[in-house]
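Chemist: Fold the following, please.
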Amino acid sequence: RETGMLLALRLATAAAGIVAVYALGTPRALALAYLTAGLAGLFVAFMVTRQSIPDLRLARPSSDALRSMLRDAAPLGLATAISIAYTRAPLFALDAIRGSVDVAAYSVAQRLTEPLAIIPASLMAPAFPLFAAAAAGSRPVRATSLAVRQASIFGAIGLGLAALLVVGGPWLLAALYPDGQYASAVSPLRWLALSLVPAFANYALTHLLVAQRRTRLNAVFVAVQLV
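Modeler: Numbering: from 1, shown residues only. Now for the predicted structure:
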């Protein structure tokens, strides 16, 4: 159910964005389209949740429950903040060292690879409850075997996408930008494409850490990536 709603939200966002671009063609209209799709997704998710949990009550948790939740969530929040930093910091560093031309080339390559992360994220949604159930049932071998299987599947998907971008990257850039102003993006596109393989496999492994309540290790891992 969660995966279906996630897919519906992505499709609604894409549709609203296309309509906004062709109808008004302004950055503000595109931003408004994203906001509208997000609010619609939030409303649908809330209604589905209410239907699934008829006695749902939005009440403040107890102090102990709140402290426990914050203790678990804090490392995840830190990891999220660091991951934002390591995906955006290169642009500022590149601008300072090489200039805006190289920033533009890298940004184009990043825009073509970064959204592909939605694939393992979507596929992970229905698998994560299995991780959590295995971890809660004190079955670490089962949880690890699930993680290895998912990591292998995701890695194979990443490998296929990487092969397509490595081989077809120049053609794709030429099709999207026929005037050739981003021809220099071919090299970073190929390297970023290769990074999809470990990144996709890592989705399963980091979710295993979360299921086992080892979120601090996840935060340390992301910090190493930033360095």
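
Chemist: okay, CA-based contacts and neighbour counts for the rest of this
Modeler: Will do.

Chemist: What's the local residue count around V227?
Modeler: 6 (other Cα atoms under 10 Å).

Chemist: wait, A29 sits on Y22?
Modeler: No. Applying Cα atoms under 8 Å as the test, A29 and Y22 come out as separate, 9.9 Å apart.

Chemist: In contact with L9: list those residues for me.
Modeler: By Cα atoms under 8 Å, 6 or more residues apart in numbering, L9 lies in contact with A37, G38, G41.

Chemist: what about dumping the CA coordinates of the worst-scoring helix or strand of the chain on mean pLDDT to PDB?
Modeler: The weakest-scoring helix or strand in the chain, judged by mean pLDDT, DSSP states H and E, is helix 118-136 (a mean of 81). Taking Å, rounded to 0.1, in the frame of the first residue of the first chain, the C-alpha atoms of helix 118-136 are listed here in PDB:
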ATOM      1  CA  ILE A 118      13.600   6.400  -6.100                       C
ATOM      2  CA  ILE A 119      13.800   2.900  -7.600                       C
ATOM      3  CA  PRO A 120      15.500   1.100  -4.600                       C
ATOM      4  CA  ALA A 121      13.600   3.400  -2.200                       C
ATOM      5  CA  SER A 122      10.300   2.300  -3.600                       C
ATOM      6  CA  LEU A 123      11.300  -1.400  -3.700                       C
ATOM      7  CA  MET A 124      12.600  -1.200  -0.200                       C
ATOM      8  CA  ALA A 125       9.200  -0.100   1.200                       C
ATOM      9  CA  PRO A 126       7.500  -3.500   1.100                       C
ATOM     10  CA  ALA A 127      10.700  -5.300   2.200                       C
ATOM     11  CA  PHE A 128      11.500  -3.200   5.300                       C
ATOM     12  CA  PRO A 129       8.700  -4.800   7.400                       C
ATOM     13  CA  LEU A 130      10.300  -8.200   6.800                       C
ATOM     14  CA  PHE A 131      13.600  -6.700   8.100                       C
ATOM     15  CA  ALA A 132      11.900  -5.300  11.200                       C
ATOM     16  CA  ALA A 133      10.000  -8.500  11.900                       C
ATOM     17  CA  ALA A 134      13.200 -10.600  11.700                       C
ATOM     18  CA  ALA A 135      15.100  -8.200  13.900                       C
ATOM     19  CA  ALA A 136      12.200  -8.000  16.400                       C
END
